[in-house]
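Student: no sequence for this one, just the structure:
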Ligand code: CA
């Protein structure tokens, strides 16, 4: 497991003044990685510090930081950086922390170098933090799985495998996009209006978001060689926020018998930052406390580390702002808040299960948690849960099948064109500085006109 050390010291401050602001997501105790592009320097690897980015690629090039893979880092190859050993990762974190700390003069007192090495976050173009070779989406919230199951099988919401297998499906890496890019409403086959009828084809009417957390793989494994549960943490590199945009009507028609396909693959938004496992060390917590009536995980998914500190205490929230709210100056409203610690499976269990058949993982592979919902209504991480599949039945006063009311008088069952969805996340613990995840943001733009759909 990852231990706390001097880089987590609450008293540590930086000569980058904005990093000492109590409200920043990126104090010197965080140091999340990102990749960015500028007209001058091209593609680079950076680290968030206050409202700035430390250009790690440039610092390596100028000898201010050292790694065993300097050439790759200089050229923005994040995947190579993700593959270095846990020991070397810790050394790099410590050296970045020293370089940015209040009393270190190397950059602080060199205005020319400092100007080159620090970039305002709002001045760069963020790109995906690494090349994601393979993307897998899990279904690890028992609260989400129970809610969704209840809508279709009220008497038997959870299928018998759920408490034994971290359920997942292979997603699509090509349509991963970074926060801030618009998401086009997808077009597809829509369920028949009547049983036995033919489906329609047109823009999705039931567009939803799913609040998820992404886990990046660090060093991979060879084909045929599973990752044991007590080594899984060493193969995790860090976490991000994920919006698994979902077309519920396409999904309903296509999902049997092989699961989600085009309902999920039109876009998945990632926050630009990777908060490393090292940074998360103070915020680990026990795995989900299963009710005594639930089975224990099979032995290949159990070890003391994952039981006692395999969870992550990460607070998450969803905000929404419609186009009309923007026009009228209304800020985003909070839709829900939940916590990653409520997942039924730990990240290590998901990774170990994924590799248990010998499937090989590579540095930069991404797996998402599945919608992070909690036990209460205000902790439901998608609209389908919040409005209890609002479109299926007419709203019934006094029940949960009611639309969301927006301050403009608008109502929502699912997303309308122009709606912007924003996810945020932060970790807090007594005795430690709070660290944030930045934002995962995307606005819905209208589907292409039919004339464009065939060209
Ligand atoms: Ca999902």
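Tutor: Yep, it's here. Small disclaimer: the values here were computed from a predicted structure and weren't measured. Numbering: from 1, shown residues only.
Student: C-alpha from now on. contacts and neighbour counts both.
Tutor: Noted.
Student: for the longest strand along the chain, packing partners?
Tutor: When the chain is parsed with DSSP state E, its longest strand is strand 435-445. When contacts are defined as 3 or more CA pairs under 8 Å, 6 or more residues apart in numbering; DSSP states H and E, strand 435-445 sits against strand 183-184, strand 236-243, strand 268-270, strand 420-427.
Student: which stretches of the chain aren't confidently modelled?
Tutor: Scanning the chain with the threshold set as pLDDT under 70 gives 391-400, 451-455.
Student: before we move on, the earlier item: with mean neighbour count and distance to residue 38 as extra columns, can I get the helices and strands packed on strand 435-445 in JSON lines?
Tutor: Below are the helices and strands packed on strand 435-445 laid out as JSON lines (neighbours: other CA atoms under 10 Å; distance: least, CA to CA, whole Å):
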{"stretch": "strand 183-184", "mean neighbour count": "20", "distance to residue 38": "23"}
{"stretch": "strand 236-243", "mean neighbour count": "27", "distance to residue 38": "22"}
{"stretch": "strand 268-270", "mean neighbour count": "26", "distance to residue 38": "20"}
{"stretch": "strand 420-427", "mean neighbour count": "23", "distance to residue 38": "25"}
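Student: Out of the ones you listed, which gets nearest to residue 89?
Tutor: Closest approach to residue 89 among the helices and strands packed on strand 435-445 is made by strand 236-243 (9.2 Å; CA to CA).
Student: got a list of contacts for the closest one?
Tutor: Strand 236-243 has contacts (CA atoms under 8 Å, 6 or more residues apart in numbering) with 82, 209-219, 268-277, 348, 368, 423-425, 437, 439-440.
Student: What angle do strand 420-427 and it make with each other?
Tutor: Strand 236-243 runs at 150 degrees relative to strand 420-427, counting by axes from the mean of the first three to the mean of the last three CA atoms, to 10 degrees.
Student: Where do the strands of the stretch 51-200 of the chain begin and end?
Tutor: Here the stretch 51-200 of the chain has its strands, by DSSP state E, counting those that start in this stretch, at 52-55, 118-120, 125-127, 135-138, 168-170, 176-178, 183-184, 187-190, 200-203.
Student: Would you mind finding the most buried of those strands?
Tutor: Highest mean neighbour count among these (mean count of other CA atoms under 10 Å): strand 52-55, with a mean of 24.
Student: how close does residue 32 sit to residue 239?
Tutor: As judged by CA to CA, to the nearest Å, residue 32 and residue 239 stand 9 Å apart.
Student: can you map out the helices along the stretch 51-200 of the chain?
Tutor: Taking DSSP state H, counting those that start in this stretch, the helices of the stretch 51-200 of the chain run over residues 56-61, 70-74, 78-82, 86-100, 105-108, 111-117, 142-152.
Student: Just the buried positions in the fourth one, please.
Tutor: Applying a neighbour-count criterion of 16 or more other CA atoms under 10 Å, the buried positions in helix 86-100 are 86, 89-90, 93, 95-100.
Student: so which of those residues comes closest to residue 226?
Tutor: residue 86 (18.6 Å).
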